[in-house]
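S.K.: have a look; sequence and predicted model below, questions after that.
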Amino acid sequence: MERPGGEVRQTVLALCVSAMIVGLLQGPVQAQEAAPERPTKFSGDFSYVSTGGNSDAQTLAGAEKLEHKTTAWLFTQRGAAVWGTSNGIESANRYLVELRADRELSKRVAIYGLLGWTRDPFAAVNRRFDEGVGLVAHVILPTPHTLDVQAGGGMAQRKTTLDENEEFATGRVAGYYKYEFRPKTYFETENVYLHNFDKPDDYEVQSRLAVVAALANSIGVKMGYSYRYRNQPPDGFRNWDSTFASGIQISY
C-alpha cells in the first residue's frame, strides 16, 4: 500500500530535524579539534522530494558557494536553483548565479563589487542581470558572531516573460548575520532591499535564513527558508514567493 505524498514529506522533514538536533547537541570537544581555517572553502547542499499516489509531485533544490580569501580580498561565487512539477506540470523554475569580490580597507570597512544573473519565469522574470558596487561595515567581528551591513548602487537589465526589456539604476541595502555554535554548525540570515530608482514603487525585498548542523567532518544537514517580495509585479503575478528546503550539505 502506497503512503500518501504528504506523509513522505513529513518523514523526510522528521529525519532532517532529528539529524540536525544530533549535530547541534554534539559536544564542544570536537570544536577544539577542528582544523585551521582554509583560504578556499566550498559548500553545496541538495534536497529532493518525490511523492506518488494521491499526490504526484517532484521538487529539486540545490545551492553551492565557493570562497577564496587572501590577506585583503575575498572572492565569492554562489549559485542556487529550485525546480518542481505538480501532476506533470512545471510549478517552479528559479535560478541564481552571483560573482562577488570584497576588498578590505580596514578591520571594520570593506568595499565590494558584484555581478548577478537571475531567472524566475513564474515571477515574470525571463532573465535579469545586476551589476553593483558598495561599502561593507563589519559591525560585529567573529567569532562566534558575525554582523555585516552593506549599502551600494548599480544597474540592472531585466527582460520579462511579457517580452519587455527594462534597464534601470538600483540601490542596494543588505544585512548579514551568522552565529557559529561550533565549526560547520551555524545559523545565518541575509536580508536584501533592492530599489528601482526609475520606478520608486518597484522595489524588492529578499530574505533567507538557514541552520546547518555538522554530522561529520564534511557532511551536515541543512534547513533553509527564502522569501522574496516585489512591491509592483506585472499584472497577473503574485508579489511574493517562498521556498523551504531541507537536505544534505557537503563542505570542505
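M.R.: Cool, the structure landed. Numbering: from 1, shown residues only.

S.K.: contacts, neighbours, all on C-alpha from now
M.R.: OK.

S.K.: after the worst-scoring helix or strand of the chain on mean pLDDT, next one along is what?
M.R.: Every helix and strand of the chain was ranked by mean pLDDT, DSSP states H and E. The lowest is helix 29-32, at a mean of 42. Proceeding N to C from helix 29-32, the next assigned helix or strand is strand 40-51, under DSSP states H and E.

S.K.: please, where are all the strands along the stretch 1-150 of the chain?
M.R.: 40-51, 57-69, 73-86, 89-104, 109-120, 125-140, 145-160 (DSSP state E, counting those that start in this stretch).

S.K.: quick one: closest of the ones you listed to V221.
M.R.: Comparing the strands of the stretch 1-150 of the chain by their distance to V221 (C-alpha to C-alpha), the top pick is strand 40-51, with 8.5 Å.

S.K.: skipping its backbone neighbours, what lies nearest Q58 in space?
M.R.: Using C-alpha to C-alpha, 6 or more residues apart in numbering and skipping residues adjacent in sequence, the residue nearest Q58 is S50, 4.4 Å away.

S.K.: could you pull out the buried residues of stretch 92-99?
M.R.: In terms of neighbour count (16 or more other C-alpha atoms under 10 Å), stretch 92-99 has its buried residues at 92-99.

S.K.: over to stretch 51-58?
M.R.: 51, 57-58.

S.K.: would CSV of those residues with pLDDT and distance to L74 be doable?
M.R.: Output for the buried residues of stretch 51-58, formatted as CSV (pLDDT from 0 to 100; distance: C-alpha to C-alpha, whole Å):
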residue, pLDDT, distance to L74
T51, 80, 41
A57, 86, 40
Q58, 90, 37
